[in-house]
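**Q** sequence first, predicted model second:
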Number of protein chains: 2
Amino acid sequence: MNAPQPPDDTAPTEVARSTIADVARVAGVSKATVSRFLNHRDKLLSAEIAARVEAAIASLGYSPSPMAQALKRGRSRLIGLVVADITNPFSVAVLRGAEKACQQAGYLVMLFNLGNQSEREREGIEALASYQVEGFILNTLGADPTAAGEVARHGKPAVLVDRRPPGMKADFVSLDNADAVRQAAGHLLANGWREMLYVTEPIKGVSSRVEREAAFRAFIAEQGRAAGGQTLEAGEGDDAALVQALKDWRKRAGRKPVAVIASNAVVTLRVASAVAQLGWQFGTDLGFVGFDDTDWAPLIGPGLSTIAQPTDDLGHVAASCLLERLQGRQLPARQILLPGKLVVRGSSQRAA
Amino acid sequence: MNAPQPPDDTAPTEVARSTIADVARVAGVSKATVSRFLNHRDKLLSAEIAARVEAAIASLGYSPSPMAQALKRGRSRLIGLVVADITNPFSVAVLRGAEKACQQAGYLVMLFNLGNQSEREREGIEALASYQVEGFILNTLGADPTAAGEVARHGKPAVLVDRRPPGMKADFVSLDNADAVRQAAGHLLANGWREMLYVTEPIKGVSSRVEREAAFRAFIAEQGRAAGGQTLEAGEGDDAALVQALKDWRKRAGRKPVAVIASNAVVTLRVASAVAQLGWQFGTDLGFVGFDDTDWAPLIGPGLSTIAQPTDDLGHVAASCLLERLQGRQLPARQILLPGKLVVRGSSQRAA
DNA sequence: TTGTAAGCGTTATCAC
DNA sequence: GTGATAACGCTTACAA
């Protein structure tokens, strides 16, 4: 304990970031000149000075502080991405697409994950806004209507993905839900499944859920007596209830071939689990199509048929929309619907 | 073209964020006083003035700009998280844990996804550092050795998750790989599987892959003639090759019961797909344990046995380590190994 | 073509 | 206790 204390700079000699002032000093010019070199490159600069500045920058390994730039310019090269649930593969896939597009355009994505707690929407938007993000990509909103206002208040452009809050005017990018549901249901019907059950998470006014369920009902209505259908809202953690509901429903259907449409990957998992418990086989006891073509879908039972969402495009398009507006283009709020693609596997083909 | 230009304030009357100066004016005090109120709250403030400031802040809906604060203080309340591949459920799970801990401590997580392009490590670290992140959580590094130096250069604390680059001194949080492999292999052996194949992504010096494979080899060596084992590095997209390799290997094993250990979820998927193509059944033709307990594991075949990583804890612990250091604690580089948990399902139990 | 100086929104160091 | 004032690292009139 009495040993001479080594100098307590345990932190590995923190190399202070060099600033524009350092560069200026080394190059023997003013800060303004360096800044010009950075922002206007060739214009208004004598070759000799430009070279000196360039050398100084290189020798110091200087790069400008985005923070300071943001403070001064009011622009940050940051895009705020609010995601409902990072655990949802759909959200992640969209994120990936968006991120790629943003990075290509020189923007960095700042992520705020709601973890499905919609009451944190405002919080997320506030936090992001305070970092001067230039725009928002929102894969959430539905519950908290004030959050929409929150975005508007900042006057920053926003694009909505997948979910559209009640009265919000903004670009909207989403799967063409109506078409996708028709593809799924139509395919099942064509394969001889006569009685369908649409299983969804509790709808709770979430726009994509509303749209899909409505499309399902519309489809069934159109078919007259050719097909029957109903909707089941399955709450999380209610596994036993789902099993029971499926059993009852199939019994009621009598001898009609029955099929389930699952509204997303989470529901697919729950249904698959219930089906396993019941000892049923996809494709023989039960037809099935689920939304979201996950990489495990081919491996369950005879392979699960799915509606693949163009997630990468969704993210890419969302980012592009936003970037366009950031370039100052003034357009009315657009609504971009991308088609889903039916991937046929064993679960939707009658094997009995 | 000659039409009178409408005033181009099409942007929805951008409500300028109110600044500390606004608050000062409204409250009839100086900026310094407002700042004191914000940072030192009660100390050194007369009740009357404090009340006035508080009222002004409330009425303006003021909140300080983190950017300006970061610029001034050199601290940003930001933590940089570099993730090898946001598509990997393991990475996402860790991210979730880390994010939760950070948010609780008042930090925001800034995410940089490498998309598996390890050559972008430097880039990511640079980008994050330029935003003055106070520390790093790195779920990557292995390939680019200069990236490690990059982190050190900034003198900011970092904690490594899952992968540890060659010569980097920093906190390290990871699954106890050696123990996990022994659990998996031991369990298979105990269930009568005599010949094992360890299937991994190309090892390429990635520490976690190296450790797991080494542990597997060590385990086999210890068993003497009680068990045989070999390793297969399966490159991505090489599906046909994997199928062939499995076939050959099983043939060579003769009548000995064979089992596969998959080094992570991605490999599990590839193996499951190959097994399906071969028409084999898990649990009868082939034993199986895979790393990472995904939510689809129970649904494939008779259920896939897995080693569940404590992902949430991993992320949480990583964040805690970092936060501790940010609080100024000087500790030697720690190494925290969390145990995995064997989840037994049908695939590892001999049904034949 | 280049330099000077003001200011972005904060916080910290002084005086008063 | 409170208020000027000078930074933090950068951009941008305005001068020269």
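**A** In hand now; what should we look at? Remember, predicted model here, so these are calculated numbers, not experimental data.
**Q** any part of stretch A:67-76 near DNA strand C?
**A** Yes - judged by Cβ under 7 Å from any atom of the strand, stretch A:67-76 and DNA strand C are in contact via A:68, A:71-72. C-beta: built from backbone N, CA, C; applies to glycine.
**Q** is it true that residue A:323 touches residue A:105?
**A** Yes - at 5.2 Å, residue A:323 and residue A:105 qualify as touching, with contact defined as Cβ atoms under 8 Å.
**Q** how confident was the prediction at the residue of the stretch 51-200 of chain A found nearest chain B?
**A** In the stretch 51-200 of chain A, the residue found nearest to chain B is residue A:155; the distance is 3.4 Å by Cβ to the nearest Cβ. We have a pLDDT of 83 for residue A:155.
**Q** okay, and the helix or strand of chain A with the least pLDDT?
**A** helix A:145-154 (a mean of 75; mean pLDDT, DSSP states H and E).
**Q** tell me which strands the helix or strand that comes right after it pairs with, and in which orientation.
**A** Note on helix A:145-154: by DSSP states H and E, the next helix or strand toward the C-terminus is strand A:158-161. Here strand A:158-161 has these sheet partners by DSSP bridges: strand A:135-139 (parallel), strand A:171-175 (parallel).
**Q** how far off centre is the first one?
**A** Pointing back at strand A:135-139 there. Distance of strand A:135-139 from the chain centroid (Cα atoms, centre = their mean, to the nearest Å) equals 9 Å.
**Q** before we move on, back to that, for the least confident helix or strand of chain A, packing partners?
**A** In this structure, helix A:145-154 packs against helix A:121-130, with contacts taken as 3 or more Cβ pairs under 8 Å, 6 or more residues apart in numbering or on different chains; DSSP states H and E.
**Q** and stretch A:253-271, what's buried?
**A** A:253, A:257-271 (16 or more other Cβ atoms under 10 Å in any protein chain shown).
**Q** could you pull out the strands in the stretch 251-352 of chain A for me?
**A** A:258-262, A:287-291, A:305-308, A:335-338, A:341-343 (DSSP state E, counting those that start in this stretch).
**Q** I'd like the ones you listed as JSON lines, with distance to DNA strand C and mean pLDDT appended.
**A** Compiled in JSON lines, those are given as follows (distance: least, Cβ to the nearest atom of the strand, whole Å; pLDDT from 0 to 100):
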{"stretch": "strand A:258-262", "distance to DNA strand C": "47", "mean pLDDT": "98"}
{"stretch": "strand A:287-291", "distance to DNA strand C": "44", "mean pLDDT": "98"}
{"stretch": "strand A:305-308", "distance to DNA strand C": "46", "mean pLDDT": "98"}
{"stretch": "strand A:335-338", "distance to DNA strand C": "34", "mean pLDDT": "96"}
{"stretch": "strand A:341-343", "distance to DNA strand C": "47", "mean pLDDT": "98"}
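**Q** just give the closest residue to the residue of the stretch 101-250 of chain A found nearest DNA strand D, not the sequence neighbours.
**A** The shortest separation between the stretch 101-250 of chain A and DNA strand D is 12.3 Å, found at residue A:132 (distances taken as Cβ to the nearest atom of the strand). Nearest non-adjacent residue to residue A:132, counting by Cβ to Cβ, 6 or more residues apart in numbering or on different chains: residue A:76, 4.0 Å away.
**Q** my guess is the one you found meets residue A:131, correct?
**A** Yes - counting by Cβ under 8 Å, residue A:131 is a contact partner of residue A:76 at 6.7 Å.
**Q** hmm, back to that, distance of the residue nearest to residue A:132 relative to residue A:326?
**A** Shown here: residue A:76 relative to residue A:326, a distance of 11 Å by Cβ to Cβ, to the nearest Å.
**Q** same question, residue A:24
**A** For residue A:24 relative to residue A:326 (Cβ to Cβ), the value is 31 Å.
**Q** just so I know, which of the strands paired with strand A:158-161 lies nearest residue A:148?
**A** strand A:135-139 (9.1 Å; Cβ to Cβ).
**Q** what mean pLDDT does the closest one have?
**A** 93.
**Q** which residues sit against that strand?
**A** A:79-84, A:91, A:94-95, A:98, A:125, A:128, A:151, A:156-163, A:318-319, A:322, A:325-326 (Cβ atoms under 8 Å, 6 or more residues apart in numbering or on different chains).
**Q** how close does the residue of the stretch 201-350 of chain A found nearest DNA strand D get to residue B:312?
**A** Per Cβ to the nearest atom of the strand, residue A:328 is where the stretch 201-350 of chain A lies closest to DNA strand D, at 14.5 Å. Relative to residue B:312, residue A:328 is positioned 43 Å away (Cβ to Cβ).
**Q** of the two, who's got more company?
**A** residue B:312 (15 against 9; other Cβ atoms under 10 Å in any protein chain shown).
**Q** helix or strand: which one has the residue nearest to that one when sequence neighbours are not counted?
**A** Computed as Cβ to Cβ, 6+ apart, the closest residue to residue B:312 that is not its neighbour in sequence is residue B:97, at 4.2 Å. Residue B:97 belongs to helix B:89-104 when elements are defined using DSSP H and E.
**Q** give me the angle between that helix and strand B:287-291.
**A** Compare the direction of helix B:89-104 with that of strand B:287-291 by axes from the mean of the first three to the mean of the last three Cα atoms, to 10 degrees and you get 30 degrees.
**Q** circling back: closest one to residue B:35 among the strands of the stretch 251-352 of chain A?
**A** Using Cβ to Cβ, the strands of the stretch 251-352 of chain A put strand A:335-338 closest to residue B:35, at 45.3 Å.
**Q** contacting residues around that closest one?
**A** A:171-176, A:179, A:309-310, A:313-314, A:317, A:321.
**Q** off-centre distance for that strand?
**A** The answer for strand A:335-338 is 14 Å, by Cα atoms, centre = their mean.
**Q** who are the contact partners of residue A:159?
**A** With Cβ under 8 Å, 6+ apart, residue A:159 has these contacts: A:135-138, A:170-173, A:318, A:321-322.
**Q** got the CA positions of stretch A:102-113 in PDB?
**A** Extracted C-alpha coordinates of stretch A:102-113, given in PDB (Å, rounded to 0.1, in the frame of the first residue of the first chain):
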ATOM      1  CA  CYS A 102     -29.200   5.800 -45.300                       C
ATOM      2  CA  GLN A 103     -25.500   4.900 -45.000                       C
ATOM      3  CA  GLN A 104     -25.100   5.100 -48.700                       C
ATOM      4  CA  ALA A 105     -26.500   8.600 -48.600                       C
ATOM      5  CA  GLY A 106     -24.000   9.500 -45.800                       C
ATOM      6  CA  TYR A 107     -26.500   9.400 -43.000                       C
ATOM      7  CA  LEU A 108     -26.200   7.500 -39.800                       C
ATOM      8  CA  VAL A 109     -29.300   5.800 -38.300                       C
ATOM      9  CA  MET A 110     -30.100   6.400 -34.700                       C
ATOM     10  CA  LEU A 111     -32.200   3.700 -33.300                       C
ATOM     11  CA  PHE A 112     -34.800   3.800 -30.600                       C
ATOM     12  CA  ASN A 113     -36.500   0.600 -29.700                       C
END
